[in-house]
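Visitor: next one to model:
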Amino acid sequence: MAEPTRSKGRLAHGAAPPANAEPALLRWLLTGGALLFLFLFLISPVVVVISQAFAEGFGAYLSAVTDPETLAALRLTLLVAAVAVPMNLLFGLASAWAITKFEFRGKNLLITLIDLPFAISPVVSGLIFVLLFGAQGLFGPWLVSHGVKVIFAVPGIILTTIFITLPFVTRELIPLMQAQGNEEEQAAITLGANGWQTFFRVTLPNVKWGLLYGVILCNARAMGEFGAVSVVSGHIRGVTNTLPLHVEILHSEYNFTGSFAVASLLALLAVITLIAKSVVEWRSAHLLQNRGE
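Guide: Predicted coordinates for the structure are as follows:
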């Protein structure tokens, strides 16, 4: 009986330490470093924006955010997001469904093209649309002859924003659909469901939280985009300035209170986005936990 006891003791002695067996000092240093980083690069900038926005009092803040040019920039920002996000929602669903559920020639090329906005600078993206739709661009003379204005107008801002935010929904759905596989869709087809019934009753319910997460990220980027929109907007005040562009103009004119006040609107939109993102992440994790049980 003594030998098994010694063996058990040796196994216990030689077992790997638990994952949380790091020295307390190391844990405190890592935690403190992470919190310090968050404070310096996330919390403190937001605090500075809010404090500077109200530096001259609530009246000055209210005057800045209710200025007609600010309201026009807010309307344009919401309009661009309202058009770009649904377009990318439809494209993201279609492309992710095609990539994960079917095999076809040119599939790898499609994946590469979807990732293209991530690979090039936003400023270069805006320049591409100028070269395509500007007065001296590829399609510019035809557009001018038909009275269609794209560059330095709202259509150019919308097109550029759609391009910049193109990958978000697709890239969120592809890993999720690949992990789920095709078994449920094949079972539905075997039971007599057609393609649309399979999509709306099987595929879409399984990816709805991932889809919503991608939409939230897409919307955040659409409202906060600066570089590409700056190239194609023309900076026409009250007409083609979105909120980020309006902040830049106010700051360049040394209207710091106005620029920080408008920036606080963007910060508010960002906070709302983070809350929605956290809710979706919690909901997704809760559903996965319930499925595991």
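Visitor: contact partners of stretch 208-219?
Guide: If you take C-beta atoms under 8 Å, 6 or more residues apart in numbering as the criterion, stretch 208-219 is touched by 81, 84-85, 88-89, 92-93, 165, 168-173, 176, 204, 273, 276-277, 280-281, 283-284, 287. Every residue, glycine included, has its C-beta placed from N, CA and C.
Visitor: give me the buried entries from the residues you listed.
Guide: The neighbour-count test (16 or more other C-beta atoms under 10 Å) marks 81, 84-85, 88-89, 92-93, 165, 168-173, 176, 273, 276, 280, 284 as buried among the contacts of stretch 208-219.
Visitor: out of those, which are inside helices?
Guide: If you go by DSSP state H, the buried ones among the contacts of stretch 208-219 have 81, 84-85, 88-89, 92-93, 168-173, 176, 273, 276, 280, 284 in helices.
Visitor: so who does Ile50 touch?
Guide: Under the criterion of C-beta under 8 Å, 6+ apart, the contact partners of Ile50 comprise 264, 267.
Visitor: go with 10 Å
Guide: Ile50 makes contact with 61, 260-261, 263-264, 267-268, according to C-beta atoms under 10 Å, 6 or more residues apart in numbering.
Visitor: dihedrals phi and psi, it?
Guide: phi -70, psi -40 (degrees, to the nearest 10).
Visitor: distance of the residue nearest to the spatial centre of the chain relative to Leu274?
Guide: The residue at the geometric middle of the chain, judged as the C-alpha nearest the mean C-alpha position with C-alpha atoms, centre = their mean, is Leu217 (2.3 Å). Using C-beta to C-beta, to the nearest Å, we find Leu217 at a distance of 11 Å from Leu274.
Visitor: please apply the same query to Phe256.
Guide: 26 Å.
Visitor: again with Val83
Guide: Here the criterion is C-beta to C-beta. By it, Val83 lies 23 Å from Leu274.
Visitor: so between these two, which is more surrounded?
Guide: Under the criterion of other C-beta atoms under 10 Å, the comparison of Val83 against Leu274 puts Val83 first, with 18 against 12.
Visitor: helices along the stretch 51-200 of the chain, start to end?
Guide: 58-65, 68-101, 107-114, 116-119, 122-133, 140-145, 154-164, 167-180, 183-190, 195-198 (DSSP state H, counting those that start in this stretch).
Visitor: among the ones you listed, which is the most enclosed?
Guide: When the helices of the stretch 51-200 of the chain are scored by mean count of other C-beta atoms under 10 Å, the highest mean neighbour count falls to helix 154-164 (a mean of 23).
Visitor: following the lowest-mean-pLDDT helix or strand in the chain in sequence, what is the next regular element?
Guide: Least confident element among the helices and strands of the chain, by mean pLDDT, DSSP states H and E: helix 2-14 (a mean of 48). Moving toward the C-terminus from helix 2-14, the next helix or strand (DSSP states H and E) is helix 24-38.
Visitor: for that next one, list the C-alpha coordinates in PDB.
Guide: Only the C-alpha atoms of helix 24-38 are listed here, as PDB (Å, rounded to 0.1, in the frame of the first residue of the first chain):
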ATOM      1  CA  ALA A  24       1.200  38.000  -7.000                       C
ATOM      2  CA  LEU A  25       3.600  40.900  -7.900                       C
ATOM      3  CA  LEU A  26       3.500  39.800 -11.600                       C
ATOM      4  CA  ARG A  27      -0.300  39.700 -11.600                       C
ATOM      5  CA  TRP A  28      -0.500  43.200 -10.000                       C
ATOM      6  CA  LEU A  29       2.000  44.600 -12.500                       C
ATOM      7  CA  LEU A  30       0.100  43.200 -15.500                       C
ATOM      8  CA  THR A  31      -3.200  44.300 -14.200                       C
ATOM      9  CA  GLY A  32      -1.900  47.800 -13.300                       C
ATOM     10  CA  GLY A  33      -0.200  48.200 -16.700                       C
ATOM     11  CA  ALA A  34      -3.400  47.300 -18.500                       C
ATOM     12  CA  LEU A  35      -5.500  49.700 -16.400                       C
ATOM     13  CA  LEU A  36      -2.900  52.400 -16.800                       C
ATOM     14  CA  PHE A  37      -2.900  51.900 -20.600                       C
ATOM     15  CA  LEU A  38      -6.700  52.100 -20.700                       C
END
